[in-house]
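Novice: fold the stuff below for me.
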Amino acid sequence: MKRTNDAMEAAANTIASVLCCSCGVPMVPNTTMRCAQCLKAEVSITDGISRQLALPHCRNCGRYNKPPWTHCEPESRELLGMCLKRIRGIGKDVRLVDAAFIWTEEHSKRIKVKVTVQKEIASGSVLQQTTVCEFTVVNQQCEDCQKSFTPHVWTAIVQVRQKVLHRRTLCFLEQLILKHDAHDKVISLKETREGMDFHFGQRSHAQRFADFVQSFIPARVKCSKHLVSHDAANNDYHYKYTLQVELCPVCTDDLVCVPKGHMALLNAAAPLMLCHKMSSTVHMLDPLTIRGADMPAYEYWKKPFDPCATRAQQQEYTVLNVEDVERPEAGTKAKHHLAGRSKMKLADVEVARTKDFGVNDDRLIVRTHLGAILRPGNRVMGYDLRHININADDETTVDNTQADVFLVRKVFQRKKGRAWELRRLERDREDGVPEVDDHNDMEAMKEELEENPELRQHVNMYRQEDKKTPAATARVAAAAGAPEEEDEEEDEEDEDAPEVPLAELLEGLELGGDED
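Specialist: From the prediction side, this is the model:
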């Protein structure tokens, strides 16, 4: 019985297999009646695939023309995909199975890609073959590099200006740009005495940057354009666009006289107020009642006004006595709510000008919102309203202000050295233009960052491992059991001087530094 089954299987195999018409090898029958080896030798499915191709490459910026022009690392996945898209002959009939780079010398300007394809040449017969496509890297200048060798490098420019004598707002804006990476489309940055100029390759990038500035600082944008060239036959015009961004001249700690047109909007606010905080809205404060008034940017620019006095006009006072007073009712909370009002406290403070000690015995009792942080012996900056000329629409209203001095902020004796630093933007200057000195403005902005935790949320501060504050050095010495060194100047430092917590600092990245 077993012999009969073997004979039947042999007969079935003989019927199912035929001989190849070319070489006579037994094979499974197909429409071509040829075996796989004969099909490979006689049929080629790679004839329609292009093997010699050109790959444009910009020598200046190192980008390949995809298009658009794109950065690709050697033998990267992006470069392989770019090469495969240029190969002709691969489609629905000829399917791509595998692709890989073949190593070549970098200076040879050749890129070789091994491609494996499949094609069905007959019903039930699929042929797979491998071929090598060679790409010649051809130097071709991209459009951006072409513009760099002409006067028309940029298409749009954003001119940021602020009509003040300091650059604190511009320094803070620079940190906002670094924090949110808003300078990724900036071609070049030029620093001028009045502000900064940001150059962009496209108008949309410049408009997006102007909107970014308006989202953080009250600003007014004016757009203009001028014709560079045109082709009347093709109706093609080339313009250069200029966006002038004018920042609000009112800054933090400035003395403001509210005009008549805005007082009705602010629910009969006081005529003289302090600028408590700046954001997309001007936040003002009445130090006599702790009543707040917020003025949106669009309302400010309807009737803009300048500050009556700035930090340069502040005088230093010494606190002699502090007496707390009850906070008067300031109307409904909905109309006069002030962010951070709970941290403020009304107090009657007896002060004297620091420079008058030993000269006269003039003392003043003023009401201020800084009662929570002031103690006898502290120093504080304020405005002497008796010696400031205020230009107002209604002088009688200003004269009725029952205060001679507006105290603004406490002066801290800060510790030497900071454990953090700030990054700066790379900028260019025209030949013959002196460098802008903003060291004092940067120092003033750093002091504001130490005092205001809300302001630090918009700034990246980087840790400095090689610099330690005296307090940190003292803590390390105490932990090690070493005796503390007596410092003559340490007694002058305030114990409550604000500092930035180490948890808020970022690790600084140092490239190219040698370890000692």
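
Novice: helices of the chain, start to end?
Specialist: 2-16, 36-42, 77-86, 143-148, 168-180, 203-214, 260-263, 297-300, 395-399, 439-451, 470-480 (DSSP state H).

Novice: lowest-confidence stretch among those?
Specialist: Out of these, helix 470-480 stands lowest, with a mean of 48 (criterion: mean pLDDT).

Novice: where along the stretch 301-450 of the chain do the strands fall?
Specialist: Here the stretch 301-450 of the chain has its strands, by DSSP state E, counting those that start in this stretch, at 315-324, 347-353, 364-368, 379-384, 405-411, 420-421.

Novice: the longest one packs against which elements?
Specialist: For strand 315-324, the packing partners by 3 or more Cβ pairs under 8 Å, 6 or more residues apart in numbering; DSSP states H and E come out as strand 347-353, strand 379-384, strand 405-411. For glycine as for every other residue, the C-beta is placed from the backbone atoms N, C-alpha and C.

Novice: minimum distance to residue 418: which of those has it?
Specialist: Nearest of these to residue 418, taken as Cβ to Cβ: strand 405-411 at 17.8 Å.

Novice: what's the neighbour count on residue 358?
Specialist: Neighbour count of residue 358, defined by other Cβ atoms under 10 Å: 6.

Novice: got the contact list for it?
Specialist: By Cβ atoms under 8 Å, 6 or more residues apart in numbering, no residues touch residue 358.

Novice: surely residue 499 meets residue 449?
Specialist: No. With contact defined as Cβ atoms under 8 Å, residue 499 does not reach residue 449; the gap is 10.6 Å.

Novice: so for these two, which sits in the more crowded spot?
Specialist: When residue 499 and residue 449 are compared for neighbours, residue 449 comes out ahead with 20 against 16, by other Cβ under 10 Å.

Novice: and the gap between the more buried one and residue 500?
Specialist: Counting by Cβ to Cβ, to the nearest Å, the gap from residue 449 to residue 500 is 7 Å.

Novice: so for these two, which residues contact both of them?
Specialist: Going by Cβ under 8 Å, 6+ apart, residues that sit against residue 449 and also against residue 500 are 456, 461.

Novice: and residue 186, how many neighbours?
Specialist: When counting by other Cβ under 10 Å, one arrives at 19 neighbours for residue 186.

Novice: any idea how far residue 446 lies from residue 175?
Specialist: From residue 446 to residue 175 the distance is 10 Å (Cβ to Cβ).

Novice: over to residue 293?
Specialist: 27 Å.

Novice: check what pLDDT residue 19 gets.
Specialist: If you check residue 19, the pLDDT there is 82.

Novice: number of residues surrounding it?
Specialist: Residue 19 has 13 nearby residues by other Cβ under 10 Å.

Novice: now the closest residue to residue 310 other than its chain neighbours: phi and psi?
Specialist: Spatial nearest neighbour of residue 310, chain neighbours left out: residue 254 (5.4 Å); criterion: Cβ to Cβ, 6 or more residues apart in numbering. As for residue 254, its main-chain torsions (degrees, to the nearest 10) stand at phi -80, psi 150.

Novice: contact partners for residue 254?
Specialist: Taking Cβ under 8 Å, 6+ apart, we find residue 254 in contact with 274, 275, 307, 308, 309, 310, 311.

Novice: ok, residue 379 next?
Specialist: Contacts for residue 379 (Cβ under 8 Å, 6+ apart) come out as 316, 317, 318, 319, 354, 410, 411.

Novice: return the residues in contact with the residue lying closest to the third one once chain neighbours are set aside.
Specialist: Spatial nearest neighbour of residue 318, excluding adjacent residues (Cβ to Cβ, 6+ apart): residue 354 at 5.1 Å. If you count contacts by Cβ under 8 Å, 6+ apart, residue 354 has them with 316, 317, 318, 379.

Novice: buried ones among the residues you listed?
Specialist: 317, 318, 379 (16 or more other Cβ atoms under 10 Å).

Novice: quick one: which of these is nearest residue 429?
Specialist: Closest approach to residue 429 among the buried ones among the contacts of residue 354 (Cβ to Cβ): residue 379, at 38.2 Å.

Novice: tell me what the closest one is bridged to.
Specialist: Beta-bridge partners for residue 379, by DSSP bridges, are residue 318, residue 411.

Novice: the residue nearest to residue 237 when sequence neighbours are not counted: neighbouring residues, count only.
Specialist: Leaving aside its chain neighbours, residue 237 sits nearest to residue 230 (4.4 Å; criterion: Cβ to Cβ, 6+ apart). Neighbour count of residue 230, defined by other Cβ under 10 Å: 12.

Novice: how does the chain divide into domains?
Specialist: Taking automatic domain parsing as the criterion, the chain consists of the domains 1-42, 45-150, 151-247, 255-411.

Novice: what about the longest one, start to end distance?
Specialist: So the one you mean is domain 255-411. With Cα to Cα, to the nearest Å as the measure, domain 255-411 spans 18 Å from end to end.

Novice: verify the stated contact: residue 407 with residue 382.
Specialist: Yes. Assessed by Cβ under 8 Å, residue 407 is found in contact with residue 382 at 4.1 Å.

Novice: give me the below-cutoff pLDDT ranges for the protein.
Specialist: Residues of the chain meeting the criterion pLDDT under 70: 1-16, 31, 122-124, 264, 268, 327-342, 391-402, 431, 465-496, 507-516.
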